[in-house]
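Trainee: Test case, fold it:
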Amino acid sequence: MAELSQTLPSRRARLRAFVRLKLENRLLRVVLVAAVLGIVALAWSLARVPEARHRVMLGKGVAGVDATIPAAEIETPAPSPIATATRRVAEGVSRMLGTGEASYYGPGLVGNPTANGERFDPSKMTAAHRTLPMGSRVRVTDTRSGRSVVVRINDRGPYHGRRVIDLSEGAARKLGILDRGTARVRLSLLI
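Mentor: Sure, this is the predicted structure:
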């Protein structure tokens with residue numbers, strides 16, 4: 001009998017092991033319930049958040065919308081009040097916006113949707129600006145050469161450095177900044 005009592009744990013050790021197993025079992029149940037509740041809450045919150053369709057990719061001065069939008073959802077944008085007013089008055093009437101650095105879109109973005117939903121065409125006289133209303137017409141004047149072009153805002157950007165406007169390749173060609181890549185320009189909003 002003495003040999004048997006030496007091989008079996010004491011009653012106190014058995015009770016401790018039993019309590020420890022019970023606590024581990026309860027802790028495991030609590031963790032499982034918390035995990036299930038977390039997954040349910042995450043699924044519910046993801047189901048309620050609408051899919052963000054517009055995005056702006058930062059870092060390379062590229063602005064656009066999600067390419068996964070079906071073509072049927074892209075509507076022809078209504079002309080803004082500024083663009084409508086611009087067509088009614090002479091192009092000579094303008095409001096000075098300031099000066100800054102201009103750049104132009106690279107050829108790799110041809111056909112991508114712009115922020116207002118149209119497809120980017122580098123030959124058009126369009127540009128991207130961070131805040132001006134879509135459809136605004138802006139006179140862009142190279143301060144070095146004095147050459148100027150009138151562009152229509154149809155995209156958002158630029159998001160690189162201190163640049164104030166991103167021109168289409170056609171506008172940059174007429175302005176004469178293709179070789180330089182960027183230029184110091186003066187912006188005037190046509191009203």
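Trainee: tell me the contacts of Leu189?
Mentor: By Cβ atoms under 8 Å, 6 or more residues apart in numbering, the contact list for Leu189 reads 82, 94-95, 97, 132, 136-138. For every residue, glycine as well, the C-beta is placed using N, CA and C.
Trainee: May I see the buried residues of the lengthiest helix in the chain?
Mentor: Ranked by residue count, the top helix of the chain under DSSP state H comes out as helix 11-48. By 16 or more other Cβ atoms under 10 Å, helix 11-48 has no buried positions at all.
Trainee: Restricted to strands, list the contacts of Leu189.
Mentor: 94-95, 97, 137-138 (DSSP state E).
Trainee: I'd like to know which helix or strand in this protein has the lowest mean pLDDT.
Mentor: Least confident helix or strand, the chain: strand 62-65 with a mean of 47, by mean pLDDT, DSSP states H and E.
Trainee: residues touching Arg14, list them.
Mentor: Contacts of Arg14 by Cβ under 8 Å, 6+ apart: none found.
Trainee: For it, give me the pLDDT.
Mentor: For Arg14, the model assigns a pLDDT of 85.
Trainee: The one 3 residues further on now?
Mentor: pLDDT recorded at Ala17 is 86.
Trainee: Look up how far Thr7 lies from it.
Mentor: 15 Å (Cβ to Cβ, to the nearest Å).
Trainee: And Gly146, by the same measure?
Mentor: Distance from Gly146 to Thr7, by Cβ to Cβ: 102 Å.
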